[in-house]
Every structure is written in structure tokens, then in C-alpha cells.
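S.K.: okay, sequence plus prediction incoming.
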Amino acid sequence: DIQMTQSPSSLSASVGDRVTITCQASQDIVDFLNWYQQKPGRAPKLLIYDASNLEPGVPSRFSGSGSGTHFSFTITSLQPEDVATYFCQQYNNLPCSFGQGTKLEI
Amino acid sequence: EVQLVQSGAEVKKPGESLKISCQASGYSFSTYWIAWVRQMPGKGLEWMGIIFPGDSDVRYSPSFQGQVTISADESSSSAQLQWATLRASDTAIYYCARSKTERGVDAYDIWGQGTMVAVSS
């Protein structure tokens, strides 16, 4: 199975900051990598698919990049409503797997 | 509106059986894969398996193979997740989610609201 290692596990930043989360795969996953946001008590929400594609309706301050084994997720100007836990997910091989999550606080 | 609506919270005892459901609407249920994802209390997301409702092709994570059964009913546009014998360690929120495209192994763009399952004696 492919292991996904996310860092950091938690992060505190200020409104307006640029925030970056990284995700490393245990083997090459090409660009089969997605990013989700989960707010407390809510279901996950897809933000970025195929490493760098913004899901329709998602604000443009969210972006993703990377390929192979190293990926990053960036919020260019942090907003109060971005407080959430963020997960990466690979789907190059079954079983799909998620990173352990990054809890983002303001 | 495309949506997945899951059945309500359950409180069960160890050893009991359970089936929870995920009702799809607003799209062609038969042509998109449905995944089940577990989230244990305070923990991350775990992919359990997927089903293609059109032919009931099911793929399980090895971690969940033999522990749960995933099924789908095209006539009611509903997917199910069931346990024959619950354990306390099955206590979690269970989400269903739809694949973004018809290819199956994919991003999940539509999620159910989650079903809380609590197993305790």
C-alpha cells in the first residue's frame, strides 16, 4: 500500500498569511493526488484534484502543485473561514490512501 | 442537485449486525463509483472500498476485507455498508462519497453527511 506523509500535522497562522502544506508519497503516484478540507463536524470537501486542478466553486486562493512523490498545497491569503483540517489523498493504486491530516488554526 | 444522503446515527452493542445506507439523487446512480470512508473519533480518513452500482463490482481495502460488506441497489439508488458482527473498534463516522468521474479510482466530489456508529456494551 502507498503511504502518504503529510506535514506539518498542525499549523497556526494569521489572517492574510501564505500557508503551505506538503504531502509525500511512499512511491511515484504521478499526479493522482487530491486535497480535501474538513471543517469540524462536517464531511470532507474536495478542493484540488489531480494535484493542481481547482474544483469548480473553490476560491482561487487555494492551489496545489507537484508530481511523482512530492506535493504541496497552498493558501495564498489565509481567511478566517479556512480554519479546518486538510487531507491529501492518492489514487494511483488501490487501496486509495489519505495523509494523516493538517489541522490549520488562526 | 447532486447529493448523497446517509441514514441516521446508530447505537449498537458488540456482536450485533448493522447496515447503513447512502441515498443518491440528482445524477445517474449506475454510472459513478461510490466509496466508503471511515473516520474514527478524532482521527483521519481511511478508505474502506468502492462499488460500481451498475454491475456491483466491489473493491475492498485489505484492512477492511472480510470485516464489512459493500453493496448497492440500483432500484433505490442506494449504496449500503454492513457489518455482520460489530466490535467496539467499529465506533466511527462513516462517509459515502461519489467519484468525480466514471473511472472509479478518482477524486470524490460529492460526500454524504456521515453516519455516526457507536458500538458499546
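M.R.: Cool, the structure landed.
S.K.: find the centremost residue of the chain, please.
M.R.: In the absence of a named chain, this looks at chain A. residue A:35 (3.7 Å; CA atoms, centre = their mean).
S.K.: to clarify, I was referring to chain B.
M.R.: Nearest residue to the geometric centre of chain B (CA atoms, centre = their mean): residue B:36, 3.5 Å.
S.K.: for it, name its beta-bridge partners.
M.R.: Bridge pairing for residue B:36 (DSSP bridges) gives the partners residue B:49, residue B:96.
S.K.: all strands of the chain, in order?
M.R.: Picking chain A for this. Ranges of strands within chain A are A:4-7, A:10-12, A:19-25, A:33-38, A:45-49, A:53-54, A:62-67, A:70-75, A:84-90, A:97-98, A:102-105, based on DSSP state E.
S.K.: please go with chain B instead
M.R.: B:3-6, B:10-12, B:18-25, B:34-39, B:46-52, B:57-60, B:69-73, B:78-83, B:92-99, B:108-111, B:115-119.
S.K.: let me have the ones you listed in CSV, adding distance to residue A:53 and mean pLDDT as columns.
M.R.: Where C-beta positions appear, they are placed from N, C-alpha and C, glycine not excepted. Shown next, in CSV, are these (distance: least, CB to CB, whole Å; pLDDT from 0 to 100):
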stretch, distance to residue A:53, mean pLDDT
strand B:3-6, 22, 98
strand B:10-12, 36, 98
strand B:18-25, 24, 98
strand B:34-39, 19, 98
strand B:46-52, 20, 97
strand B:57-60, 24, 96
strand B:69-73, 28, 97
strand B:78-83, 26, 98
strand B:92-99, 15, 98
strand B:108-111, 11, 97
strand B:115-119, 30, 98
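S.K.: mind checking which of the ones you listed is nearest residue A:72?
M.R.: Counting by CB to CB, residue A:72 lies closest to strand B:108-111 out of the strands of chain B; the figure is 20.8 Å.
S.K.: for the closest one, give me every contacting residue.
M.R.: Contacts to strand B:108-111, defined as CB atoms under 8 Å, 6 or more residues apart in numbering or on different chains, come from residues A:34, A:43-46, A:49, A:55, B:2-4, B:35, B:37, B:95-100.
S.K.: let's go with 7 Å and repeat that
M.R.: A:43-44, A:46, A:55, B:2-4, B:35, B:95, B:97-100 (CB atoms under 7 Å, 6 or more residues apart in numbering or on different chains).
S.K.: can you flag the buried ones in the residues you listed?
M.R.: Among the contacts of strand B:108-111, those classed as buried by 16 or more other CB atoms under 10 Å in any protein chain shown are A:43, A:44, A:46, A:55, B:4, B:35, B:95, B:97, B:98, B:99, B:100.
S.K.: quick one, what contacts the fourth one?
M.R.: In this structure, residue A:55 makes contact with A:46, A:47, A:48, A:49, B:109, judged by CB under 7 Å, 6+ apart.
S.K.: 8 Å - rerun?
M.R.: Residues near residue A:55 by CB under 8 Å, 6+ apart: A:46, A:47, A:48, A:49, B:107, B:109.
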